[in-house]
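Okay, predicted coordinates and the sequence, questions at the end:
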Amino acid sequence: MDTPNAFVGRKDKPTPTEVTTALGSSAAAWEELTAWLAERHHVDIQEWKSYSPKYGWSAQLKLKKRTILHVSPCSGCFRVMFILGDRAVTAAKNSKLSKKLAELLAKAPRYPEGTGIRLDVKSTKDLAPVRKLAEIKLQN
């Protein structure tokens, strides 16, 4: 079962302190991911959104106006979500993905906007597939 968003039921945007508290030990991975995206790829816009209090809050990490990924704080971890277009899916399938990531991509749901992939991150050791998909998305 998925870990629920840490801010389900909230109508107001969480503060940075509340996000860090909710993330717990995964806060270091959140900081590392956002810093890496900003420094290496200039993905430096964080736009917080909540589509409904029943889903909680997530941040869209953007390069200019283009959303690269979504991150949702959960209790003790965070969820990273990608919507990959056809070119990015093809590039991902042709790259050297781990067996687990390749299976996830093969089973991913297809939406009108693209193929949806979700990854849970508990520590910095979980960031490698997130970085791989971010780079593929940025290149396609």
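Arrived safely, thanks for sending. Keep in mind that what you see is a predicted model, and the values were worked out from it rather than measured.

Would you agree Thr20 falls within a strand?
No - counting by DSSP: H, G, I helix; E, B strand; the rest coil, Thr20 is not part of a strand but helix.

wait, it sits on Ala29?
No - look at Thr20 against Ala29 with C-beta atoms under 8 Å: they stay out of range, at 11.8 Å. The way it works is simple: take the backbone N, C-alpha and C, and place the C-beta from them, glycine included.

neighbour-wise, which of these two wins?
Shown here are Thr20 and Ala29; by other C-beta atoms under 10 Å, Ala29 has more neighbours (21 against 16).

ok, that one - contacts?
78, 121-124, 126-127 (C-beta atoms under 8 Å, 6 or more residues apart in numbering).

could you redo the last one with a cut-off of 6 Å?
121, 123-124 (C-beta atoms under 6 Å, 6 or more residues apart in numbering).

which of those tops the neighbour count?
Busiest of the contacts of Ala29 [other C-beta under 10 Å] is Val121, holding 22 neighbours.

Check the gap between that one and Ala59 for me.
13 Å (C-beta to C-beta, to the nearest Å).

For the residue nearest in space to the middle of the chain, list each beta-bridge partner.
Nearest to the mean C-alpha position of the chain, counting by C-alpha atoms, centre = their mean, stands Val80 at 2.2 Å. Beta-bridge partners recorded for Val80 (DSSP bridges): Val71, Leu119.

so it touches Val130, yeah?
Yes - Val80 lies in contact with Val130 (C-beta atoms under 6 Å); the separation is 5.1 Å.

Find residues that contact each of these two.
By C-beta under 6 Å, 6+ apart, the residues touching both Val80 and Val130 are Leu119.

Mind jotting down where the strands sit in the protein?
Secondary structure of the chain (DSSP state E): strands at 45-49, 58-63, 66-73, 78-84, 110-111, 114-121.

Those into JSON lines, with extra columns for mean pLDDT and distance to Thr3?
Rendered in JSON lines, the data for these read as follows (pLDDT from 0 to 100; distance: least, C-beta to C-beta, whole Å):
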{"stretch": "strand 45-49", "mean pLDDT": "96", "distance to Thr3": "19"}
{"stretch": "strand 58-63", "mean pLDDT": "97", "distance to Thr3": "13"}
{"stretch": "strand 66-73", "mean pLDDT": "97", "distance to Thr3": "10"}
{"stretch": "strand 78-84", "mean pLDDT": "97", "distance to Thr3": "8"}
{"stretch": "strand 110-111", "mean pLDDT": "94", "distance to Thr3": "22"}
{"stretch": "strand 114-121", "mean pLDDT": "96", "distance to Thr3": "7"}
